[in-house]
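J.: When you get a sec, could you give me coordinates for this:
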Amino acid sequence: MFGIRPKNRKRRPMRQRVESVGERFIGLGRKLLPLVFLAAVAIGVPFGIFQAYLSTVSGTYFELSEITVSGLAHVEREPLLKKAGLRPGRNIFDIDLERTRASIAGHPWVREVEVERRLPNTVQVTLAEYTPVAVLVGERYRLISEDGDIFDTIEPGDSLNAFLHLPMISGLEVTRKQDDSSEASARPSTLTLVDKAVFLEAMEVASLYEEMGFSEWEPLSEIHVDTTLGLSLVSADTGIEIRLGRGRYRQRLERLKVVQRSIVERAMEVDYILIDQETDLSRVAVGQRYGEKVGLGGAP
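T.: Model (predicted):
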C-alpha cells in the first residue's frame, strides 16, 4: 500500500549518507563562495574608502592655517575674526561659511562681506566698510554714510576726535528699524524717507561748499535742518550761521561768494548771513546777533 516502505529495501550505510551530505555542502559552498567574495568587496572597499576619507579630511592637511582679510580700514582684524570663530587649527570643513559671514556682517562698520573656503587650508574674507560722511546730532551721536545709512552710534564717553573733520547734521528725525534680522539689529536706527532726502540735499550742499573753496575761508562745522527755515550752515572757526533756505543751493552759494568777498574786504565781524529769500536772492542780510545788521541787497 501507499506510504509503506518495502521491507526488503536496503538502507545506505551511515558513512555514505554523511559523505553525501558533506559533498552537497561543499558544492553549495563552491557556488556561494564567489557571491560571498563579491559581497565582501562591495562592503569592504567603500568602507575602506570612507575610512580613508575621514582620516584625510580630519587630518592636519585640512587644518586652517591661513586667514586672509581684505577691505579693512576702521575695523580691527583680530576681534572680528575671534567673534566669527575663525582661528588657525580648525578643520576647514567644520567652518560654517554662512554663519561666519553673518557674524562678520553683524559688525556695524561692515557694509558687505563674502567668505570663501580655499582648499586645503585657507579662508578668504572680503569685505567693504561703510564710509562716514557726517555725524548725526540728536539725543546721541550717530555716524551716517553717503547713502543715508546710519551704521554706528558713538557711545557716551567715546572720543569724537576721529570724526571732527566731518560735518555735523542736526534737525533730522531718527527712527527705530522694524527689521528684527540679526544683521539689521546691529544698525537699529534709520532716517525717515523725507529726512533721508533732506540729508542727501545737505550733503550735496556740503560738497558744493567744499568745491567752491569756502572751506579755506570758514571750514564747515554743522548743517542744521529746519522744517520752516530750511538749511543753515555753521562755520567751524567763528561759528557764523549761513542760512540758505531751500533749493537753488548753487545759486545761493554763488551769492555767498560775493558776500564773502565784501566781508573780507571790509574786515567785518559777522555772526550770520541770511541768503534765504524764496525769490530774490540778491537780498542778503549780514550782521551780529547783538549788534549791527548790514543789508547787502543789490550787491553785484
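
J.: can you give me the helices in the stretch 151-300 of the chain?
T.: 182-185, 193-211, 249-266 (DSSP state H, counting those that start in this stretch).

J.: would JSON lines of those helices with distance to Pro120, mean neighbour count and mean pLDDT be doable?
T.: The way it works is simple: take the backbone N, C-alpha and C, and place the C-beta from them, glycine included. Below are those laid out as JSON lines (distance: least, C-beta to C-beta, whole Å; neighbours: other C-beta atoms under 10 Å; pLDDT from 0 to 100):
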{"stretch": "helix 182-185", "distance to Pro120": "30", "mean neighbour count": "13", "mean pLDDT": "46"}
{"stretch": "helix 193-211", "distance to Pro120": "47", "mean neighbour count": "17", "mean pLDDT": "90"}
{"stretch": "helix 249-266", "distance to Pro120": "57", "mean neighbour count": "16", "mean pLDDT": "91"}
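
J.: Of the ones you listed, which is nearest Glu241?
T.: helix 249-266 (12.2 Å; C-beta to C-beta).

J.: Quick check: which helices or strands does that closest one pack against?
T.: With contacts taken as 3 or more C-beta pairs under 8 Å, 6 or more residues apart in numbering; DSSP states H and E, helix 249-266 sits against helix 193-211, strand 241-245.

J.: Now stretch 160-171: buried residues?
T.: By neighbour count on 16 or more other C-beta atoms under 10 Å, the buried set for stretch 160-171 is 163, 166-171.

J.: Count the residues that sit near the closest residue to Ser235 other than its chain neighbours.
T.: Spatial nearest neighbour of Ser235, chain neighbours left out: Glu218 (3.6 Å); criterion: C-beta to C-beta, 6 or more residues apart in numbering. The number of residues packed near Glu218 is 19, by other C-beta atoms under 10 Å.

J.: Glu218 contacts Ile240, doesn't it?
T.: Yes: Glu218 lies in contact with Ile240 (C-beta atoms under 8 Å); the separation is 6.0 Å.

J.: what is in contact with the two at once?
T.: Overlap of the contact sets of Glu218 and Ile240 (by C-beta atoms under 8 Å, 6 or more residues apart in numbering) is empty.

J.: lowest average confidence, helix or strand, in this structure?
T.: helix 182-185 (a mean of 46; mean pLDDT, DSSP states H and E).

J.: could you dump stretch 266-277 to PDB, C-alpha only?
T.: Extracted C-alpha coordinates of stretch 266-277, given in PDB (Å, rounded to 0.1, in the frame of the first residue of the first chain):
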ATOM      1  CA  ARG A 266      35.700 145.300   5.000                       C
ATOM      2  CA  ALA A 267      37.200 143.100   7.700                       C
ATOM      3  CA  MET A 268      33.800 142.700   9.100                       C
ATOM      4  CA  GLU A 269      32.900 140.500  12.100                       C
ATOM      5  CA  VAL A 270      29.600 138.800  11.500                       C
ATOM      6  CA  ASP A 271      27.500 136.200  13.200                       C
ATOM      7  CA  TYR A 272      25.000 135.400  10.500                       C
ATOM      8  CA  ILE A 273      24.500 135.700   6.800                       C
ATOM      9  CA  LEU A 274      20.900 135.300   5.500                       C
ATOM     10  CA  ILE A 275      20.500 134.100   1.900                       C
ATOM     11  CA  ASP A 276      17.200 132.500   2.500                       C
ATOM     12  CA  GLN A 277      14.800 134.600   0.400                       C
END
